[in-house]
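In: got a sequence here, can you model it:
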Amino acid sequence: MPIFGEIFISEILKKEVLDLKGEELGRLQDLIIVKGEALPVVDSLVISRKKTLYRIPWQSVSIFNRRIIATTLTPDDLLVYEESEDDLLAVRDILDKQIVDVTGAKVVRVNDIKLEGYEGYAVLVAVDVGMRGILRRLGIERGGTDLLRMLKVELPYNLISWNYIQPLQPKLKSLALTVPRQMVSQLHPADIAELISSVSVAEGRSLFTDLDDATAAETLSELNPEIQATIIEDMDTSKASKIISMMPPDEAVDLLSELPPEKMKEILENIDREDAEDIQELLEHEEDTAGGLMTNEYIAYTKETTVAEAMAKFKRDAAEIETVYYIYVVEDREKLVGVLSLRELLLAEPDKTLSEVMVTNLKTVRPEDDESVVAAAISKYNLVAIPVVDEENTLLGIVTVDDIIDRILPPRAKRKQKKV
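Out: Next comes the predicted model:
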């Protein structure tokens with residue numbers, strides 16, 4: 001396979017192309033693109049040699065990466081290329097084009113194009129619409145990012161996948177998002193979040209406004225808190241409160257923490273009192289601690305509850321909670337005394353009490369424990385959730401494994417984005 005690793009077109013434009021003997025055959029000017037099964041595919045290279053354009057079929061390319069481009073052809077094998085409007089050219093037809101939504105409103109500009117290898121071919125996987133693409137084309141990406149890193153500013157990758165862009169045609173005046181506004185809500189919330197994170201602030205806010213409340217709440221959970229805050233700050237307080245009340249409490253806290261105090265106060269005053277109290281309780285903890293990571297949505301029953309009673313209650317209670325991994329067993333004043341998994345509950349005799357079937361060798365963390373301590377405990381004991389207790393062993397909440405993963409390795413939409 002001649003291509004390996006990821007390549008941006010700006011990294012290889014004007015690069016020398018070597019012949020069979022390792023001598024310069026010409027300089028890369030463009031790529032001819034054709035439709036592939038899933039993604040656009042590079043069909044040929046267009047090179048410039050002595051002020052004449054030549055076409056090198058992909059089958060004749062032996063090496064293709066950001067350092068070396070080589071072909072099996074010799075100068076005598078080259079075929080003159082005459083630019084045609086019937087061909088789709090990456091530089092001529094895609095680079096610097098505006099991406100618009102289905103209403104024709106301009107969203108962002110294509111600053112670079114990302115390629116990857118797939119089954120022996122080079123395929124176009126995304127367009128770069130961010131500042132990195134501009135710096136890369138100027139040849140100062142590394143220096144620019146190093147300088148910003150010294151200032152404690154991380155420059156993100158703003159990429160839009162080809163999955164969200166219209167099928168390509170020659171001589172395009174602009175590119176269009178493939179997802180009409182009325183169909184955005186049919187995507188998975190994580191995909192909606194990725195789309196919102198990739199486009200401009202104004203366009204992202206506009207796309208979000210068209211979502212129904214339930215989808216909006218799930219999508220907010222997938223966005224990084226800064227983008228969440230940007231969207232919610234200018235939203236009507238009543239609508240914002242309704243959406244936030246549908247989010248898990250721990251994720252609602254992450255969002256509210258990014259808002260100005262006045263806006264936070266307005267929203268909390270418009271949320272159901274019980275939900276607001278749950279959120280207020282979590283707001284008291286530092287962000288990077290077990291208390292800041294935990295959710296106070298969990299299922300706990302008393303140790304006198306029978307297995308049959310627990311199963312009946314579970315069918316009712318689980319509908320109100322985002323994720324359920326364990327049943328926690330408590331005694332007076334929510335003191336944690338045991339735990340059992342859903343599998344253990346299903347396999348237990350119906351007439352036994354939870355105290356008879358629960359596990360008492362508990363692994364817990366304190367609310368002030370650092371997130372690294374929580375992650376280590378979850379990893380060491382192969383847990384999917386760990387209870388958070390105070391000095392009196394009162395159950396305060398739980399930290400789930402997905403919250404730890406999101407903190408350590410957040411998806412692209414949750415990483416800090418710099419909008420263009």
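In: SS state for Glu194?
Out: Using DSSP: H, G, I helix; E, B strand; the rest coil as the criterion, the local structure at Glu194 reads helix.
In: what's next to stretch 381-390, contact-wise?
Out: Defining contact as CB atoms under 8 Å, 6 or more residues apart in numbering, one finds that stretch 381-390 is touched by 290-291, 294, 298, 323, 325-326, 328, 336, 339, 362-367, 374, 377-378, 395-401. The C-beta positions use only the backbone N, C-alpha and C, and glycine is treated the same way.
In: between the two ends of it, how far is it?
Out: One end of stretch 381-390 to the other measures 20 Å (CA to CA, to the nearest Å).
In: in it, what counts as buried?
Out: Within stretch 381-390, the residues that count as buried by 16 or more other CB atoms under 10 Å are 383, 385-390.
In: now secondary structure, pLDDT and distance to Leu223 too, for those, in a markdown table please.
Out: Listed next are those as a markdown table, based on DSSP: H, G, I helix; E, B strand; the rest coil; pLDDT from 0 to 100; distance: CB to CB, whole Å:
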| residue | secondary structure | pLDDT | distance to Leu223 |
| --- | --- | --- | --- |
| Leu383 | coil | 90 | 27 |
| Ala385 | strand | 92 | 23 |
| Ile386 | strand | 95 | 26 |
| Pro387 | strand | 95 | 28 |
| Val388 | strand | 95 | 25 |
| Val389 | strand | 95 | 31 |
| Asp390 | coil | 93 | 32 |
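In: which pair of these spans the longest distance?
Out: Greatest spatial distance in the buried residues of stretch 381-390: Leu383 and Asp390, 19.5 Å, computed using CB to CB.
In: what's opposite Val46 in the beta bridge?
Out: With DSSP bridges applied, Val46 shows beta-bridge pairing to Asp30, Arg55.
In: what sits against it?
Out: Per CB under 8 Å, 6+ apart, neighbours of Val46: 28-32, 53-56, 81, 89.
In: swap in Ala252?
Out: Here Ala252 is in contact with 244-245, 279 (CB under 8 Å, 6+ apart).
In: can you show me the strands along the stretch 201-350 of the chain?
Out: 300-302, 326-331, 335-341 (DSSP state E, counting those that start in this stretch).
In: how far off centre is the last one?
Out: Just to be clear, that refers to strand 335-341. 34 Å (CA atoms, centre = their mean, to the nearest Å).
In: list the buried residues of that strand.
Out: Using 16+ other CB under 10 Å as the test for burial, strand 335-341 gives 336-340.
In: which one of those residues sits closest to Glu203?
Out: Looking across these and measuring by CB to CB, the closest to Glu203 is Val339, at 46.1 Å.
In: does the closest one touch Val330 like I think?
Out: No - the pair Val339 / Val330 is not scored as a contact, 10.0 Å apart, by CB atoms under 8 Å.
In: list residues touching both of those two?
Out: Counting by CB under 8 Å, 6+ apart, nothing touches both Val339 and Val330.
In: for this protein, name the helix or strand with the lowest mean pLDDT.
Out: helix 181-184 (a mean of 52; mean pLDDT, DSSP states H and E).
In: what's the neighbour count on Ser44?
Out: Using other CB atoms under 10 Å, Ser44 has 22 other residues around it.
In: would it count as being in a strand?
Out: Yes - counting by three-state DSSP, Ser44 is part of a strand.
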